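Participant: Sequence and predicted model, in that order:
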Amino acid sequence: MNTTTGVRSTALQSTALGYPRIGSNRELKRALESHWAGRTDAAALEAAAAAVRAEMLDDLSVLDAVPTGTFSLYDHVLDALAAVDALAPRHRRDSDLASYFAAARGDDAAAPLEMTKWFDTNYHYLVPEIGPDTAFAARPAKAVAEFREAKDRGLDARPVLLGPVSFLLLAKPAEGAPEGFAPLDRLGDLVEVYVDLLAALAEAGAGPVQIDEPALAADRTPAELEATAAAYRRLAAETEIIVAGGYGPFGEAIGTLLDAGVAGLALDLVRGRGDLETLEALNVSRETFLIAGVIDGRNIWKADLAKAAADIARLQAITDRVGVASSSTLLHVPVDLAPELHAEHGLPEELTARLAFARQKLREIVALADPSGSRATRPETPGAWRDEAVRERLAGLGADADRRAPYPERRAAQAERVPLPPLPTTTIGSFPQTAELRKARAAHRQGLMIEADYHARMRAEVVAVIAEQEKLGLDVLVHGEPERNDMVQYFAEQLTGFATTAAGWVQSYGSRCVRPPILYGDVARTAPITVDWIAYAQSLTEKPVKGMLTGPVTILAWSFVRDDQPLADTADQVALALRDEVADLEAAGTAIIQVDEPALRELLPVRAASRAAYRDWATRSFRLATSGARPDTAIHTHLCYSEFGEVIDAIAALDADVTSIEASRSKMEVLADLDRAEYRSAVGPGVWDIHSPRVPAADEMAAALRLAVAALGPDRVWANPDCGLKTRRYEEVRPSLANLVEAAGAVRAEVQRP
Ligand code: GLN
Ligand code: ZN
């Protein structure tokens with residue numbers, strides 16, 4: 001029996017749901033960037049991509065069943081769009097590769113697809129645009145080729161496709177779609193194309209196929225579940241299908257999927273352990289293939305193998321066919337711990353002994369699947385990682401430690417301290433990280449540039465960035481953040497309780513990778529972090545310079561965080577350190593302090609039931625960080641997106657004086673939502689999409705500003721790009737900012753006209 005899956009009834013099948021795809025040394029990043037810069041052709045890019053895929057398969061070959069098709073040149077949602085041949089006409093170029101990159105990055109002829117965060121992660125996907133007339137056709141070449149690559153090595157290969165339900169739920173209506181149209185309305189049509197994709201895979205020799213439906217780990221309406229049931233009845237009739245979730249519990253979708261006849265489910269037993277009870281209460285066939293996602297695909301701590309084994313045993317009581325895997329794809333963790341062990345300033349042994357990156361996680365999976373493998377429990381957190389002083393200070397804070405004076409009072413005081421015209425112009429903080437800056441940073445890191453020279457180089461950059469902004473005529477300046485390798489890592493390096501890795505890279509979007517710090521113990525600030533830089537920048541200009549901090553929620557979201565205490569407690573410790581930094585900036589004369597919280601929405605729990613508690617601790621920690629500021633000090637915050645949905649109340653609860661958001665890619669439609677949520681302070685809707693190399697015209701930005709003024713009134717609008725400029729080049733930044741200043745000037749003149 002079960003010959004198709006090759007799973008013997010008592011053995012545990014070791015597998016994973018997906019794997020990092022940028023290369024262990026970020027080989028794909030370099031290959032992509034040189035291709036985009038026109039230095040290498042498509043064949044060279046494909047050769048580099050093939051080498052990355054080969055490395056992925058080398059790693060995955062320790063498993064009984066290997067996921068295939070999880071490689072991507074940019075994004076797996078864009079891959080799904082390409083697999084159903086639904087690229088928008090504006091992105092069609094003369095080769096598939098050129099079309100693909102036009103959709104991903106935009107070009108002179110067309111804006112790219114919108115980009116947004118993937119569930120509660122720091123990964124960004126491209127948002128498909130689907131209309132009532134979008135044509136679908138199967139383009140199975142990529143899925144088939146990657147399946148064959150694994151098959152040719154003699155591996156038990158399991159193709160992975162992003163599921164049609166999640167694909168459509170992640171999509172947005174194409175421009176011109178009628179009111180009331182939802183992409184999910186197209187599920188019936190799309191499923192027929194998936195039938196063709198499955199047929200092509202079967203033809204290539206595939207057995208069971210993993211279909212990822214992460215959107216089913218969120219709350220779904222009865223109608224959505226009904227549509228899901230219909231889709232899977234159709235698909236399950238074609239092929240053995242294993243539906244993977246990966247970002248929380250499947251909940252009620254379990255019944256829907258099993259009733260529809262799917263062969264199996266891959267469960268997230270790290271965040272969705274409730275699914276064990278759900279399954280135990282159902283009458284599940286002993287033929288059902290259940291994959292126990294017990295190895296955390298989202299964090300870097302070694303698993304408690306004893307606890308994992310106990311959960312696996314619960315599944316074995318339900319069915320004869322059980323697999324063991326990561327809870328989600330391993331895309332969200334770095335490839336290998338080895339470089340950290342050998343690095344010159346490597347992580348302390350006490351810490352590395354507790355860590356597992358992707359390769360190490362594969363070994364944990366293999367150990368769990370092996371009846372004689374390790375079942376070790378996890379050691380206690382060392383006492384030396386506790387800081388009693390921080391704990392006492394937090395415990396002693398008064399009940400209203402997170403309250404400021406009312407906004408109208410602050411607004412008047414701030415206007416008096418720093419008079420500004422309507423629609424003040426500013427940027428979000430960073431200026432281009434030029435090749436010279438990166439070179440200096442690398443030389444410094446490798447010990448080839450002494451501290452004093454490095455510092456002088458960064459100060460020279462601040463001088464240049466201030467001069468650029470003065471020349472452009474911006475109203476509120478920034479120092480440009482040249483000294484920061486990354487907005488979270490920079491703070492982590494100067495706070496206790498954090499470790500930074502040498503090479504722990506994780507893909508954020510496209511070729512962009514981040515190196516999340518590891519927050520392992522109690523957090524404290526030992527000295528001011530940013531004050532010298534801001535004070536120096538301010539000494540160079542008469543214009544106000546913004547202080548620039550990263551908020552507590554974002555510091556947590558973009559770190560690998562300890563899992564031995566509630567996130568709320570960890571957030572408060574970080575907030576306390578930032579509160580001291582705010583006080584020191586203020587004492588140095590800073591009148592405007594921006595505390596970035598681009599990750600506020602990202603950490604929002606996928607299921608509604610857990611959201612209120614999140615909103616409480618997240619906004620409290622931000623207020624704890626900022627509420628010590630005087631009323632005449634303006635607190636700005638920045639969020640990297642505009643689809644507020646469930647965090648809109650949280651944005652109001654941050655109680656900032658100015659909030660900059662992303663708005664350009666999705667127009668200005670979101671401003672009315674802010675108003676409805678009783679957000680009463682000022683907004684800087686991003687009028688330049690910095691994720692694309694395109695230079696926006698002044699007219700285009702002026703039109704966006706007019707919409708913002710129409711929605712919010714002339715006194716509440718700032719003019720700014722939608723994010724920091726560090727990934728852009730000066731060739732794009734100078735003309736874009738000049739146009740932005742021109743646009744703000746034009747609209748300012750209109751609103752000032754009596
Ligand atoms: N101040 C940061 C910058 O400009 C904000 C970046 C972000 O929101 N991701 O780089
Ligand atoms: Zn941003």
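Facilitator: Sure, I can see it. Ligands and ions are numbered 1, 2, ... in the order given.

Participant: Residue 636 pairs with what?
Facilitator: Judged by DSSP bridges, the bridge partners of residue 636 are residue 594, residue 658.

Participant: quick one, what contacts it?
Facilitator: The contact partners of residue 636, by C-beta atoms under 8 Å, 6 or more residues apart in numbering, come to 546, 592, 593, 594, 595, 656, 657, 658, 659, 660, 684. From N, CA and C alone the C-beta is placed, and that goes for glycine too.

Participant: contact partners of stretch 456-468?
Facilitator: Here stretch 456-468 has contacts from 431, 437, 440, 449, 477-480, 482-483, 533, 536-537, 540-541, 545, 734, using C-beta under 8 Å, 6+ apart.

Participant: near ligand 1 at all, it?
Facilitator: No - counting by C-beta under 6 Å from any ligand atom, ligand 1 has no neighbours in stretch 456-468; the shortest distance is 11.7 Å.

Participant: got the contact list for the closest residue to residue 633 other than its chain neighbours?
Facilitator: Closest residue in space to residue 633, ignoring its immediate chain neighbours: residue 586 at 5.6 Å, by C-beta to C-beta, 6 or more residues apart in numbering. In this structure, residue 586 makes contact with 593, 629, 630, 633, judged by C-beta under 8 Å, 6+ apart.

Participant: And residue 586, how close does it get to ligand 2?
Facilitator: Here the criterion is C-beta to the ion, to the nearest Å. By it, residue 586 lies 24 Å from ligand 2.

Participant: picking up where we left off before, for PyMOL, what selects the buried ones among the contacts of residue 586?
Facilitator: Buried residues among these (16 or more other C-beta atoms under 10 Å), as a PyMOL selection:
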select buried, resi 593+629+633
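
Participant: could the contacts of residue 586 be laid out in JSON lines, adding secondary structure and distance to ligand 2?
Facilitator: Putting these into JSON lines (DSSP: H, G, I helix; E, B strand; the rest coil; distance: C-beta to the ion, whole Å) gives the following:
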{"residue": "593", "secondary structure": "strand", "distance to ligand 2": "17"}
{"residue": "629", "secondary structure": "coil", "distance to ligand 2": "22"}
{"residue": "630", "secondary structure": "coil", "distance to ligand 2": "26"}
{"residue": "633", "secondary structure": "coil", "distance to ligand 2": "22"}
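
Participant: which bits of the protein sit near ligand 2?
Facilitator: Counting by C-beta under 5 Å from the ion, the chain comes close to ligand 2 at 598, 640, 723.

Participant: Out of those residues, the closest to residue 32 would be?
Facilitator: Within the set of the residues of the chain next to ligand 2, residue 723 lies nearest residue 32; the separation is 20.2 Å, counting by C-beta to C-beta.

Participant: just for the stretch 651-754 of the chain, where's the confidence low?
Facilitator: The model of the stretch 651-754 of the chain has pLDDT under 70 over residues 664-667, 754.

Participant: now the strands for it?
Facilitator: 658-661, 682-685 (DSSP state E, counting those that start in this stretch).

Participant: Report the distance from the last one to the chain centre.
Facilitator: In other words, strand 682-685. Centre-to-centre, strand 682-685 and its host chain are 23 Å apart (C-alpha atoms, centre = their mean, to the nearest Å).

Participant: Output the set of residues of the stretch 401-550 of the chain in proximity to ligand 1.
Facilitator: Taking C-beta under 6 Å from any ligand atom as the measure of proximity, the stretch 401-550 of the chain contacts ligand 1 at 428, 429, 430, 481, 487, 548.

Participant: any chance of the residues you listed in TSV, plus secondary structure and pLDDT?
Facilitator: Rendered in TSV, the data for these read as follows (DSSP: H, G, I helix; E, B strand; the rest coil; pLDDT from 0 to 100):
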residue	secondary structure	pLDDT
428	coil	98
429	coil	98
430	strand	98
481	coil	98
487	coil	94
548	strand	98
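
Participant: Most neighbours among the residues you listed, which one is it?
Facilitator: Taking other C-beta atoms under 10 Å to define a neighbour, the member of these with the most is residue 548, carrying 28 neighbours.

Participant: I'd like to know how far that one sits from residue 462.
Facilitator: 12 Å (C-beta to C-beta, to the nearest Å).

Participant: Need the residues touching each of these two.
Facilitator: By the contact definition C-beta under 8 Å, 6+ apart, residue 548 and residue 462 are jointly contacted by residue 479.

Participant: Run through the chain and note the low-pLDDT ranges.
Facilitator: Applying pLDDT under 70 to the chain picks out residues 1-10, 343-345, 664-667, 754.

Participant: Please report phi then psi for the closest residue to ligand 1 within the stretch 351-500 of the chain.
Facilitator: With C-beta to the nearest ligand atom as the measure, the residue in the stretch 351-500 of the chain that lies nearest ligand 1 is residue 429; the distance is 2.6 Å. Backbone torsions for residue 429, taken as degrees, to the nearest 10, come to phi 150, psi -60.
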